[in-house]
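Peer 1: got a predicted structure plus its sequence, pasted below:
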Amino acid sequence: MDGNGRWAKKRFLPRFFGHKAGADSLVRLIKVCQQRGVEYLTVFAFSSENWKRPEDEVSGLMGLVLVSVAKYLARLAGDNVRIVIVGDRDTVPERLRQAWADAEGRTRANTGLTLTVAFNYGGRWDVVQACRKLVREGLAPEQVDEAALARSMAMAHAPDPDLFIRTGGEMRISNFLLWQSAYAEFVFTDCLWPDFGPAELDAALAAYARRERRFGDVAPAQASRIAR
Ligand code: IPE
Ligand code: MG
């Protein structure tokens, strides 16, 4: 969800207002995703690297989480959204840990869209913590395979992403879902996150629908030629 800061700057507002608009944008988009039949929506809210930002921006973001959970949790729970948080909880403030536990606890039995919020998350962190789990379980080297790693990852509750959207114009992954996005289709858009609405989502879904997914196989047209 990139571009909040620039969205605010364009309006001569402090960056925090961009993050606030970004949170509202997310809540609006969850509804649209449900209407479009999306079953899993995973958003990158705060990366392991975002601690490098100025202290007031970091604390602003932490505060925004608390306010957003208080403001939107009942609505999301009522909309049958299941909330899952992935990321390193050990190094976030206690109040935040409680808010996450509350959000997860109150939506655990929901069967609609699964909203995964990656917070204090990094794709590399996830690989490392999965490896640690396997070591703790005492797996022998030959028992360590892709399936063992996948089930130890923070994203084990969700299938691998089909579509990976990055807003805000940068063309990089920035340590999001490294393992899981091996075969994801990527859509990069200049649209700043607070402006990302139904029209932009539909454009991304349409782009996805035009892709031919082969997962390492040859193209179907080629395959039929080979068969002949
Ligand atoms: C993304 O928006 C939100 C977070 C990483 C929390 P940015 O804050 O990166 O916005 P820009 O890139 O400065 O516009
Ligand atoms: Mg950015």
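Peer 2: Done, it's in. Ligands and ions are numbered 1, 2, ... in the order given.
Peer 1: the most centrally placed residue in the chain: which element?
Peer 2: With distances taken as Cα atoms, centre = their mean, residue 43 lies nearest the centre of the chain, 2.4 Å away. Residue 43 belongs to strand 40-47 when elements are defined using DSSP states H and E.
Peer 1: show me what that strand is packed against.
Peer 2: With contacts taken as 3 or more Cβ pairs under 8 Å, 6 or more residues apart in numbering; DSSP states H and E, strand 40-47 sits against helix 15-36, strand 114-121. C-betas here are computed from N, CA, C, even on glycine.
Peer 1: give me the buried positions along the first one.
Peer 2: Buried positions in helix 15-36, judged by neighbour count with 16 or more other Cβ atoms under 10 Å: 15-23, 25-27, 29-30, 32-34.
Peer 1: the helices and strands packed on strand 40-47 into JSON lines, with extra columns for mean pLDDT and distance to ligand 1?
Peer 2: Below are the helices and strands packed on strand 40-47 laid out as JSON lines (pLDDT from 0 to 100; distance: least, Cβ to the nearest ligand atom, whole Å):
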{"stretch": "helix 15-36", "mean pLDDT": "98", "distance to ligand 1": "6"}
{"stretch": "strand 114-121", "mean pLDDT": "98", "distance to ligand 1": "9"}
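Peer 1: how about a markdown table for the ones you listed, with distance to residue 144 added?
Peer 2: Listed next are the helices and strands packed on strand 40-47 as a markdown table, based on distance: least, Cβ to Cβ, whole Å:
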| stretch | distance to residue 144 |
| --- | --- |
| helix 15-36 | 35 |
| strand 114-121 | 23 |
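Peer 1: out of those, flag the one nearest residue 185.
Peer 2: helix 15-36 (15.8 Å; Cβ to Cβ).
Peer 1: in this protein, which residue sits nearest ligand 1?
Peer 2: Taking Cβ to the nearest ligand atom, ligand 1 has its nearest neighbour within the chain at residue 5, 2.5 Å off.
Peer 1: and that residue, how many neighbours does it have?
Peer 2: 21 (other Cβ atoms under 10 Å).
Peer 1: residue ranges with poor pLDDT in the protein?
Peer 2: The model of the chain has pLDDT under 70 over residues 223-228.
Peer 1: in the top helix by length along it, what's buried?
Peer 2: With DSSP state H setting the assignment, residue counts place helix 55-78 as the longest helix in the chain. Within helix 55-78, the residues that count as buried by 16+ other Cβ under 10 Å are 60, 61, 62, 64, 65, 68, 69, 72, 73, 76, 77.
Peer 1: also near ligand 1: which of those, exactly?
Peer 2: Counting by Cβ under 6 Å from any ligand atom, residue 61 from these sit close to ligand 1.
Peer 1: mind checking which of the helices and strands packed on strand 40-47 is nearest residue 141?
Peer 2: Closest among these, using Cβ to Cβ: strand 114-121, at 27.6 Å.
Peer 1: each with direction, which strands does the strand holding residue 43 pair with?
Peer 2: Here strand 40-47 is paired, per DSSP bridges, with strand 114-121 (parallel).
Peer 1: I appreciate the help and will end here.
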